[in-house]
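**Q** All I have is the shape, not the residue letters:
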């Protein structure tokens with residue numbers, strides 16, 4: 001268990017009854033994490049969009065997650081540690097230091113959206129502005145924190161990563177970032 005996950009134990013959900021929560025996963029591991037959690041007896045849900053792709057010689061049905069790097073789980077507080085220790089789970093989605101419970105109504109909306117075939121739903125990540133502190137939520141740079149310098153396109157941001165006394169300026173997809181509060 002990494003020290004990052006150990007620190008997350010402090011924000012255990014209070015409810016003894018099962019509630020919906022969202023966990024972040026590594027990039028393109030949503031369905032795999034869902035299967036692992038279900039094997040452990042955890043109710044897990046990944047909203048998947050279905051597309052029909054037409055190629056020169058074949059027609060293929062494709063499924064991709066509606067929200068990249070998210071798996072929705074219904075757990076009680078005693079399953080919290082078990083979920084965090086699951087392979088490819090990065091952590092719970094939080095607001096500040098508190099784990100955010102998701103109302104059943106919102107999960108039902110996601111289920112209804114994903115029932116539609118060939119519906120192209122665009123999930124727009126939060127808007128980022130120059131000076132916002134962000135954490136990389138997926139990919140090889142997961143966990144690194146930086147400051148947004150500028151927007152270089154519709155979904156691209158230029159981020160300063162301050163590590164080892166150097167400033168690295170890299171372009172990242174906005175979908176890979178989550179806004180954080182920077183401790184002064």
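**A** Yep, that arrived. Keep in mind it's a predicted model, so treat the numbers as computed, not measured.

**Q** And for the nearest residue to residue 136 once chain neighbours are set aside, the neighbour number?
**A** Of all residues not flanking residue 136 in the chain, residue 144 sits nearest, at 5.0 Å (Cβ to Cβ, 6 or more residues apart in numbering). Quick note: C-beta positions are derived from backbone N, CA and C, even for glycine. By the measure other Cβ atoms under 10 Å, the count of residues near residue 144 is 16.

**Q** my guess is residue 144 contacts residue 133, does it?
**A** No: contact criterion Cβ atoms under 8 Å: residue 144 and residue 133 do not qualify, at 11.5 Å.

**Q** Quick check: neighbours shared by those two?
**A** Shared contacts of residue 144 and residue 133, defined by Cβ atoms under 8 Å, 6 or more residues apart in numbering, are absent.

**Q** List the single closest residue to residue 107 in space, sequence neighbours excluded.
**A** residue 20 (5.3 Å).

**Q** so where do the strands sit in this protein?
**A** 19-25, 43-45, 48-54, 59-65, 70-75, 89-92, 94-95, 98-99, 101-102, 133-136, 145-151, 156-163, 166-173, 177-179 (DSSP state E).

**Q** rank those by pLDDT, which is bottom?
**A** Of all the strands of the chain, mean pLDDT reaches its minimum on strand 156-163 (a mean of 56).

**Q** Can you report phi and psi for the residue of the chain positioned farthest from its centre?
**A** Distance from the centre of the chain peaks at residue 57, with 35.2 Å (Cα atoms, centre = their mean). Main-chain dihedrals, residue 57, degrees, to the nearest 10: phi -110, psi 0.
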